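Trainee: Task: produce atomic coordinates for the following.
(chains A and B)
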Amino acid sequence: MHFSLTDEQLAFKQSFGRFVDETLVARSERVDREKVFPTDNNKDLAKMGYQALGMPEEYGGTPVDAISHWIAQEEVARGCASTFLSCGASAGLFGVPLREFGSSEMKSEILPGLIAGDLVGAWALTEPHCGSDAAALKTSARRTDTGWVLNGSKMFITNGNCADWYIVAARTDPEAGHAGVSSFLVKRGTPGFEQGPSLEKMGCRGSPTSALYFEDCEIPGEWLLGAEGTGFLQAMKTLENGRIGMAAYGVGIAQAAFDEALKYSQERSAFGKPIIKFQPNHFKLADIRIAIDGARLLGMRASAKHAEGNCPYALYSAAKLYGTETAVMATDKAVQIHGGYGYMAEYRVERLYRDARLGPIGEGTSEIQRQLIARETLASFAP
Amino acid sequence: MDFALTDEQVAFRDAVERFGREVLVPNWSQEADDNNVFLRDSWKAMGEFGILGLPYPVEYGGSGASAVDTCLAGEALGRAGVDAGTTLSMGAHTILCGVPIWKLGTEEQKRKYLPGLASGELIGGFCLTEPGSGSDAAGMKTRAVRDGDDWVLNGSKTWITNGPTGDVFVVTAVTAPDAKPKAFGISTFLVEADTPGFRVGKKLDKLGCRTSPTSELYFDDMRIPGSALLGPENMGFALVGKLILGWERTCLMSPALGGLWHGLATACKYMHEREQFGRPLAKFQALQEKIADMRVAYEVSWGLLYRVADLLDRDEPVMVEAAILKTYLSEASVKMAEEVIQIHGGYGYSKEYLVERAWRDSKVGTIGAGTSEIQRGIIARAIGNF
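Mentor: The predicted structure follows:
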């Protein structure tokens, strides 16, 4: 048992953190205001090797230990939640299933560009009528002589209208429930595939979200990802990574809120002294710190166990649930410490507060996480 | 970062859990709890099992266990469902009394007390709090004055765990009343209960941890030899604070981590058995959410606890990390114990199920060894550098 970072991990955290401060943090206000995919951040992160982490070396990837990968994700989230979300959807939600289930031809075609930041990926599971109940999806894929025809629509797709490649979950057998779902690679520009306009969102505004529409969209047979009928299993595997990513998202945002609240409470004076000296304020900082430490240790542990291949489902979900709820709590307290200024868009905490709110919703709501944790825990004490 | 336990550690934890379940748990009775009875059979068994002196070096009768392993043992007792009175008495004895002797004592002091503490023949305690000073511990009034080679102590202490049963106590007293800050005018002494002038006050009736006896102690012109001074004069408080509180807030709290798991297990089993509206409670989502929150609290606490234990083993500072752990774990314990009662409904409110005891026992966590408010102050001052 050992609870410290190695010298290499510490050095990585420092140098990567500096890069994050100079680029992502510096651009984060603009990214939120312009509401477009931050191509510069995506490219700069690629130069730093972010999208390469954990990807196969033959496609330009770099092996990485679980803790360093966690550190990188947490730092990106601290710097810019929109960038984290879009790059995470590209390299993670899209890139990981491609890495795990894709043919070598498809990997050769897409992964090098994805890792270099030249291509953007998106992952499409949710539909207008089904979010948490993902297996109820209706988008259909019908076999043809040469491949498949997709019909249906997707909703709340991160990078929906700016991606080059998509992984789309669709039903190949209407009778088979979970086992009737398959996943497909779809290239932007394929006839019959349209992207909706960017949806107006509360936070993460620099990460475009849109609906997708498939109308008799014909795709070749080799775009089927993995075996037919394994789409739902693939989605669950993808979400294991996604949940660790969202835990890091929460911890990163919470850390940013903590940093801002600490700085402000030391600078701002009221009643003749810095406001940090007032117990209700510094107790808030203590509460944020307690939750951040707990969430970070939990997230790192889930990440380490995931890399070893022995992470219980409950731990993925616990990390995601606690990490994202920590961000909501932390940003709320940080806004409160800022008083009226915290309510103004001029201050970073206003954006962090909006960005944090995605956490308990995206990639499995808090309610779904609690259900997963409870199910596994109850089962372990079954008579 | 390496979060894994070795096979030996898992085997050790399992052995302690079995010992707790098979030997200690049956010794507890509602009657003993109602009447504040110290469980002497459990104490003797713990001494024989070798759990009372775990961290002390082997040459002083201990096992030379690391802080991590000491916490594993504490967690195991909590998991087994050992009542928190038993583990509190053990903590006050092994950690609060024994660790200062081990860390600050002379060779003679260590030889004199540690083997007896490790075997359980001696019962130890720690005296800091006074009627007028709790959180403001350095505001204590108990005075120790030199008289020739001896010291003479006058004053009183309160909320002393093992007060009525203890044989030896680590006692803090003011030795330099003008020191600023006050913390640098306080020394620690080893006081034996049969010293003339040592008097046990009334046994205190408590909400929980009732098998752990608590009392006031009085020192009336109590004369002790110069050799009873523990650690450097006037530095007792500062050193105890630095060396001991980390252990206290970690190893002493470790049974609470196991207690969270035990509460979770108890609630899950009940939810499988109990049926309402034609289906087991386990099928109701509102109750499932409570189970999920308990599991999260356990997993978060796990990381926070073993982080501090690991830092202690590497002699690194733990002040902030220990305060973080102590606040989170103790508050989660109270909240989760309450939820376990809620899941049990009327049965939870009755004494028939032990979940009511767990709730009463848990509350000491947010008060003893520095209240939650004191912990938050420690964390905040470190964060804000003020």
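Trainee: Phi and psi next, for residue 152.
Mentor: No chain specified, so I'll use chain A. Main-chain dihedrals, A:Gly152, degrees, to the nearest 10: phi 140, psi -170.
Trainee: Hmm, no, I was thinking of chain B.
Mentor: Torsion angles, degrees, to the nearest 10, at B:Val152: phi -120, psi 120.
Trainee: measure it to B:Asp194 for me?
Mentor: Taken as CB to CB, to the nearest Å, the spacing of B:Val152 relative to B:Asp194 amounts to 17 Å. (C-beta placed from N, C-alpha, C; glycine too.)
Trainee: Neighbour count for the two, which is higher?
Mentor: Summary of the neighbour comparison: B:Val152 and B:Asp194, criterion other CB atoms under 10 Å in any protein chain shown, with B:Val152 having more neighbours (17 against 8).
Trainee: Tell me the residue in the chain that is farthest from the middle.
Mentor: Here I'm looking at chain A. Outermost residue of chain A with respect to the C-alpha centroid, by CA atoms, centre = their mean, is A:Gly272; its distance is 43.3 Å.
Trainee: Can you look at chain B instead?
Mentor: Max distance from the centre of chain B (CA atoms, centre = their mean): B:Gly278, 43.5 Å.
Trainee: any idea which helix or strand comes after the longest helix along chain B?
Mentor: Secondary structure of chain B per DSSP state H: the longest helix is helix B:319-349. Sequence order places helix B:355-362 as the next helix or strand after helix B:319-349, per DSSP states H and E.
Trainee: if you average pLDDT over that next one, what comes out?
Mentor: Along helix B:355-362, the predicted confidence averages to a pLDDT of 97.
Trainee: Give me the buried positions along the helix or strand following it.
Mentor: Beyond helix B:355-362 in the direction of the C-terminus, DSSP H and E gives the next helix or strand as helix B:372-384. Applying a neighbour-count criterion of 16 or more other CB atoms under 10 Å in any protein chain shown, the buried positions in helix B:372-384 are B:Ser372, B:Ile374, B:Gln375, B:Arg376, B:Gly377, B:Ile378, B:Ile379, B:Ala380, B:Arg381, B:Ala382, B:Ile383, B:Gly384.
Trainee: Once you drop chain neighbours, what's closest to the fourth one?
Mentor: The shortest distance from B:Arg376 to any residue other than its chain neighbours is 4.0 Å, reached at A:Ala286 (CB to CB, 6 or more residues apart in numbering or on different chains).
Trainee: Just the buried residues of the helix or strand where the one you found lies, please?
Mentor: Using DSSP H and E, A:Ala286 sits in helix A:279-308. Within helix A:279-308, the residues that qualify as buried by neighbour count (16+ other CB under 10 Å) are A:281-307.
Trainee: now swap in stretch A:358-367 and tell me
Mentor: Neighbour counts using 16+ other CB under 10 Å place A:Leu358, A:Gly359, A:Pro360, A:Gly362, A:Glu363, A:Gly364, A:Ser366, A:Glu367 of stretch A:358-367 among the buried residues.
Trainee: try stretch B:353-366
Mentor: Buried positions in stretch B:353-366, judged by neighbour count with 16+ other CB under 10 Å: B:353-366.
Trainee: Rebuild those as JSON lines, extending it with distance to chain A.
Mentor: Compiled in JSON lines, those are given as follows (distance: CB to the nearest CB, whole Å):
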{"residue": "B:Tyr353", "distance to chain A": "16"}
{"residue": "B:Leu354", "distance to chain A": "16"}
{"residue": "B:Val355", "distance to chain A": "15"}
{"residue": "B:Glu356", "distance to chain A": "20"}
{"residue": "B:Arg357", "distance to chain A": "20"}
{"residue": "B:Ala358", "distance to chain A": "16"}
{"residue": "B:Trp359", "distance to chain A": "20"}
{"residue": "B:Arg360", "distance to chain A": "24"}
{"residue": "B:Asp361", "distance to chain A": "21"}
{"residue": "B:Ser362", "distance to chain A": "18"}
{"residue": "B:Lys363", "distance to chain A": "19"}
{"residue": "B:Val364", "distance to chain A": "20"}
{"residue": "B:Gly365", "distance to chain A": "14"}
{"residue": "B:Thr366", "distance to chain A": "13"}
